[in-house]
Structures are given as structure tokens and as C-alpha cells.
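*Asks:* got a predicted model here, sequence first, then my questions.
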Amino acid sequence: MEDLKYLSGFGSEFASEDPRKPGALPVGQNSPQRCAYGLYAEQLSGSAFTAPRHDNKRSWLYRIRPSVIHKPFKRSNVARYLTHNWDEADPDPNQSRWYPFDIPSSKQVDFVGGLHTVCGAGDPRSRHGIAIHVYLCNDSMRNSAFYSSDGDFLIVPQQGVLNITTEFGKMEVRPNEIAVIQQGMRFSVAVNGPTRGYILEVFDGHFKLPDLGPIGANGLANPRDFLTPVAHYDDRDIPGFKIVNKYQGALFEAEQNHSPFDVVAWHGNYVPYKYDLGNFMVINSVSFDHCDPSIFTVLTCSSVKPGVAIADFVIFPPRWSVQENTFRPPYYHRNCMSEFMGLILGSYEAKEGGFLPGGASLHSMMTPHGPDDKCFNAASQAALVPQKIAVGTQAFMFESSLSMAITKWGAETCQKLDAKYYECWQNLPKLFTDQLDV
Ligand SMILES: [Fe+2]
């Protein structure tokens, strides 16, 4: 494993230069008549040129060849279960839970070939919507790179380390870390053995840190804990190198004869980054009642409605539970948002069985959900002493204001849907009595 270096901060104006080529980054301007070392200048725009300054995202890349040197794109079918057709299966409002998705073992599958869309809503053409994918792979991408023209990828590894080479440099991302690779950024993923994880793709805009309101200037995910790679160039001629593009929900391939990871220096605020979920500073009730899960928001992609997210990325980390005279687990709930959950490791408090690492659940808009009977019965009787909960676990939620549809792969083909999920609530007892004091 290489000893990788990173730049620290979220949304910062970064600058990075491969130490093998000092002075590669122009000083005082973006586009000199001739760049140092014969490099080409190329801007990658992540927002409209005229976006307000606080939302304006762009980076300048100084590269050996401009990205435009490639043969025409042709339709590719390397990931046959990647789709944005939300009408493949009938709408299904039921609580859905999937057993762990199978990682291929009989054939070699790389990160892109292993992309499977589970559910989603909206359309990248109108720049509004999300897609939730899982990646199930066992092989490294060789002489190929991927980028999405449709949206930003928030990648949540569950099993296996991802060694991600990007145009901006290299990142190593382990389970309990996440990576965000934004629209248009080219990357390649190397893995070592069976590898599985989740992806939240957002079409509307970029992820931000949530506002903290009365919490103050610090807490939840702190900006300094986000890490961006440093410039590292690859000056190789590679005949037949494939650039795979996700465009309007379909994949396309174009060949070129060199590595696209030939950026010698770059600067800007539109960058890939990673974050260790272990650095999340948890806020919670220290008196009574269960807080809404928004206190656990790591990143949010906001909609145009104030306070309403296209999608939030929320985690349930190890923490102390100290509330008194309270039912401590999550409350019974119906929500005008859709809640997709996954489990990175361990077991989730409200459902000790059935919801397993590498599996998932979806509680759709206004569909009731909450603790199963075992959890309810135990928590209703438990002595409310301080307790460290979720030790050794990490569950997460992609919560969206959009009403998502499950793909045919998610509903049928994957064969992981648990038809008996609803049973976990059927034995909740009727406790109603004539007694005022229970
Ligand atoms: Fe909920």
C-alpha cells in the first residue's frame, strides 16, 4: 500500500503540484499562453459560470494532454443492471428489506461492471433526481476510467478497500470511510478480492455540510476531516485505454491511447474527497426523548425548498445513550421522505436480525416503520442507565425528499428481497388497558 498524502478541508480553494514537476502550476493566472513543461490548461466546471460565489465550483487542471483527445463514444453494456428506468417494476409501497447482495465469485467483475441500480427517482436530463446503486465486484479496473455526466457519486464501501485513482490524485478508501467523486471527475478503482458497497448519486447539485444552527461552529462532520488527494501524474501511452461515461443513465465507451490520469498540477474548489466516519462528532439528547435522525447528517444535497434535501447522508455511529424516562430506540414513524438504509458493519439497534451488513432496507414515502417486537419489548422494560450503543457498528441512511421506485433488479433479479420482512411487526402486543399508570 502506498503512503498517500492528502489536503485537508471541505470546499476549500486547494492547490497541488506533483513534486516531480515543481513550478507546473501557473502563478497569478489560470491560462498562460504557454504552460510550464508544455502542459495543457483545462477547466472542469462543477457549477454554472455565473453561480453565486458560495456555490461556484471549478478546478483548473494542468495536464499532459487535454481530455478531448479520444475516439468517439459508443454505447457500452458493461453494466447491464445500471438503469434509470423507474418504470421497470410496478410501484411498491411495502417496507422492503434486502439480504446482503451477492458479490460475484464465478467471473471477474470490476467496479463499473458491478454497478447495480436498486432504486431511484428523477432524471439526469432535467438535472433533478437520485439513483441508489450498489457495487459488487472482485477485480480491478484495468486500463479504463469512469466518469458520470449525470451526478455526484457518494461511495460507501462496505467490504474491501477501494484504491481510487482520480485525475486529482489517489485515495485509499476503507469501510467506515466514504468518498465523494463529483460529476465529470474521471476515476479508476482497484480492489483486492470480494468488494461491496453502496452509492448515492445525486443529479441536482453537490453535497454540502449541513448548517449547524444552535449547535454552533463545531460538531457533526468537521470540515478539516475531509481529505482531498494531491496531484500525481501518470505519463503513459496506453493503447486502447477506455473512458467509460455514464450519460443520461446509459454507459458509453471511448478509446484513447494514453492514461487520463496525466494531471501534473491543479487548483480549485471542485475536487474529489474522502471522510472517515469515525471522525463524526455525535450530538444527541442528554435529557429525554429520541432526537430526529437529522442530528446524524454527514452531508446533504439540498433542494430549492429551504430545509428540504434532495438527499441526506446520515449515519448511526457508536455513541452514549443516556436519556431518562424515555423509549430510547427510534420511534414509530411515517415520513414524507424516503429512507434507504444500509449497514456497513455490526448490527442495527432497532432490528437485530435480518438487517445485515451488505444488505439494505427501503421505507418509502408515508410507509410506516419502526422497531420490531423484540426491540420494542426490550426497550420498554430496560433499566435506563447510561449505555454505550452501536459499538462496533455503522448503519447509514440515504434520506430523500423524492419518492423512489425500485428497479427490476432490486425487486426481482437480485433475489435478495425478504418477503417476510413485514412479519417483524406482526407480534407487537396490544397493551391498551383501563389502568392510567402502566
Ligand atoms: Fe424513519
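*Replies:* Done, it's in. Numbering: from 1, shown residues only.

*Asks:* could you find the closest non-adjacent residue to the residue positioned nearest the centre of the chain?
*Replies:* In the chain, the centroid-proximal residue (C-alpha atoms, centre = their mean) is Leu154; its distance is 2.4 Å. Leaving aside its sequence neighbours, Leu154 sits nearest to Leu200 (C-beta to C-beta, 6 or more residues apart in numbering; 4.4 Å). (C-beta placed from N, C-alpha, C; glycine too.)

*Asks:* run the chain-centre distance for the strand or helix carrying the one you found.
*Replies:* Applying DSSP states H and E as the criterion places Leu200 in strand 195-202. Averaging C-alpha positions (C-alpha atoms, centre = their mean, to the nearest Å) puts strand 195-202 5 Å from its chain's average.

*Asks:* what's it packed up against?
*Replies:* strand 128-137, strand 152-159, strand 309-316, strand 394-400 (3 or more C-beta pairs under 8 Å, 6 or more residues apart in numbering; DSSP states H and E).

*Asks:* looking at those strands, which is nearest to the ion?
*Replies:* strand 394-400 (8.0 Å; C-beta to the ion).

*Asks:* is any part of that closest one close to the ion?
*Replies:* No. Using C-beta under 5 Å from the ion, strand 394-400 stays clear of the ion, with a minimum separation of 8.0 Å.

*Asks:* still on that earlier bit, right, and the residue nearest to the centre of the chain touches Val202 too?
*Replies:* Yes. The pair Leu154 / Val202 is scored as a contact, 7.5 Å apart, by C-beta atoms under 8 Å.

*Asks:* ok, back up a step: got the CA positions of the strand holding Leu200 in PDB?
*Replies:* C-alpha atoms of strand 195-202 as PDB (Å, rounded to 0.1, in the frame of the first residue of the first chain):
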ATOM      1  CA  THR A 195     -15.700  -5.900  -2.700                       C
ATOM      2  CA  ARG A 196     -19.100  -4.400  -2.000                       C
ATOM      3  CA  GLY A 197     -20.600  -1.100  -1.200                       C
ATOM      4  CA  TYR A 198     -23.300   1.500  -1.800                       C
ATOM      5  CA  ILE A 199     -23.500   4.600  -4.000                       C
ATOM      6  CA  LEU A 200     -25.800   7.600  -3.700                       C
ATOM      7  CA  GLU A 201     -25.800   9.500  -6.900                       C
ATOM      8  CA  VAL A 202     -27.400  13.000  -6.900                       C
END
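
*Asks:* what strands line up against it, and which way round?
*Replies:* Within its sheet, strand 195-202 is paired with strand 128-137 (antiparallel), strand 152-159 (antiparallel), according to DSSP bridges.

*Asks:* just name the most buried of those.
*Replies:* Mean neighbour count (mean count of other C-beta atoms under 10 Å) peaks for strand 128-137 among the strands paired with strand 195-202, with a mean of 25.
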